[in-house]
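> Pasting the sequence and the predicted model now:
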Amino acid sequence: MIAKDGVTPAALAQGQRILNAARVDYSVMLVIIADMVLKPTLNDITILGCMALVLTTGIALALGGTRRLVPSAA
């Protein structure tokens with residue numbers, strides 16, 4: 001898209017959607033890795049709470065992130 005039309009608002013919007021999906025993906029991967037390493041049970045409330053916090057933060061950053069891509073002169 002950028003090679004064809006250059007840096008347009010549509011290209012920036014598509015890039016922003018990809019970055020938002022990546023934020024959720026990274027938070028899910030982090031929770032899965034922590035789950036495999038720590039192997040929490042239902043009695044490990046602190047670990048499960050931290051996992052929920054990481055996942056919630058990733059989703060919140062993806063849905064409500066204030067940083068937007070803008071074209072630069074470089």
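Structure's in. What do you need? Numbering: from 1, shown residues only.

> Could you report the separation of residue 52 from residue 46?
Remark: distance between residue 52 and residue 46 (Cβ to Cβ, to the nearest Å) = 11 Å. Every residue, glycine included, has its C-beta placed from N, CA and C.

> overlap in contacts of those two?
The overlap between the contact sets of residue 52 and residue 46 (Cβ atoms under 8 Å, 6 or more residues apart in numbering) is empty.

> Report the mean per-residue pLDDT for the helix or strand residue 29 falls within.
Assigned by DSSP states H and E, residue 29 belongs to helix 9-38. Per-residue pLDDT values over helix 9-38 give a mean of 93.

> Which strands and helices lie in contact with it?
helix 45-64 (3 or more Cβ pairs under 8 Å, 6 or more residues apart in numbering; DSSP states H and E).

> And the helix it packs on, how far out from the chain middle?
Helix 45-64 sits 11 Å away from the centroid of its parent chain (Cα atoms, centre = their mean, to the nearest Å).

> Report the inter-axis angle for that helix versus helix 9-38.
Angle, helix 45-64 to helix 9-38, by axes from the mean of the first three to the mean of the last three Cα atoms, to 10 degrees: 170 degrees.

> Need the residues that contact helix 45-64.
Contact with helix 45-64 is made by 20-21, 23-24, 26-28, 30-31, 34-35, 38, 40, 42, as judged by Cβ under 8 Å, 6+ apart.

> Pull the most distant pair out of those residues.
Spatially, the most separated pair among the contacts of helix 45-64 is 20 and 42, at 31.9 Å (Cβ to Cβ).
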